[in-house]
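Participant: I need the structure of the sequence given here:
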Amino acid sequence: MLINIIALLLIIAFWLVGGQIKNGWRDIPCPIILGIAIAVKLWSPMGCLLAFLSIGAVQIIRLGYGNYDEKDLKPSLLASITHDRNGWWIRLIWGLLVGILTPLFLVKLLGWWYPVYIGINGSVNFLVSRLRLSVFLADTLVASAFGSILFFPVFP
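Facilitator: Modelled structure (predicted):
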């Protein structure tokens with residue numbers, strides 16, 4: 001349990017730094033931290049392979065979730081596709097994709113928890129945008145939803 005808490009706090013810290021100060025600080029460290037925590041929790045050759053594959057699957061976070069703006073020369077892929085100026089639907093789609101792909105290689109392990117993780121990520125991402133939460137609170141909640149997989153019963 002201590003590993004889960006430490007990993008989640010590190011994910012939140014890097015998520016905040018990546019969103020507030022230095023771009024990229026969430027894209028690379030957060031998947032690696034999550035993968036290392038999964039590897040430690042599933043300490044076996046197969047567990048380490050699943051953790052490594054999960055790090056690759058989590059690269060979906062690089063997809064981005066910025067609102068659509070005609071003036072933006074480099075909008076996120078989801079902004080380009082949806083043209084969502086409020087960001088609610090972009091965040092929902094992004095959260096669902098993260099929820100689906102992050103534990104993709106752990107589906108057999110997660111069982112019925114898999115849709116719960118998808119729902120958590122989709123809901124949190126939609127609500128932080130829809131409720132127009134402060135950036136600090138929104139980033140903390142999104143990072144917590146992302147790292148919440150470590151607290152599911154398959155990772156004691």
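
Participant: what's the neighbour count on L16?
Facilitator: For L16, the count of nearby residues is 17 (other Cβ atoms under 10 Å). Placement of C-beta: from N, CA and C, glycine included.

Participant: mind checking pLDDT for it?
Facilitator: L16 carries a pLDDT score of 92 in this model.

Participant: doesn't D139 make contact with it?
Facilitator: Yes: contact criterion Cβ atoms under 8 Å: L16 and D139 qualify, at 5.3 Å.

Participant: V128 and G147, how far apart?
Facilitator: 15 Å (Cβ to Cβ, to the nearest Å).

Participant: and if you look at V124?
Facilitator: In terms of Cβ to Cβ, V124 sits 11 Å off from G147.

Participant: which neighbours do the two have in common?
Facilitator: The contact sets of V124 and G147 do not overlap (Cβ atoms under 8 Å, 6 or more residues apart in numbering).

Participant: residues touching the helix or strand bottoming out on mean pLDDT in the chain, excluding its own?
Facilitator: When the helices and strands of the chain are scored by mean pLDDT, DSSP states H and E, helix 77-82 comes last with a mean of 82. Residues outside helix 77-82 that contact it (Cβ under 8 Å, 6+ apart) are 63-69, 72, 84, 89-90, 93-94.

Participant: what of stretch 83-97?
Facilitator: So stretch 83-97 is contacted by 60, 63-69, 76, 78-79, 82, 118, 121-126, 128-130, 142, 145 (Cβ under 8 Å, 6+ apart).

Participant: so which of those residues are in helices?
Facilitator: 78-79, 82, 118, 121-126, 128-130, 142, 145 (DSSP state H).

Participant: closest one of the residues you listed to M46?
Facilitator: If you rank the ones in helices among the contacts of stretch 83-97 by distance to M46 using Cβ to Cβ, I118 comes first, at 23.3 Å.

Participant: just confirm that closest one contacts I100, I think it does.
Facilitator: Yes: look at I118 against I100 with Cβ under 8 Å: they come within range, at 5.6 Å.

Participant: got a pLDDT number for the spatially closest residue to L10 that is not a sequence neighbour?
Facilitator: Nearest-residue entry for L10: I33, 5.0 Å, with adjacent residues in sequence omitted and distances by Cβ to Cβ, 6 or more residues apart in numbering. As predicted, I33 sits at a pLDDT of 95.
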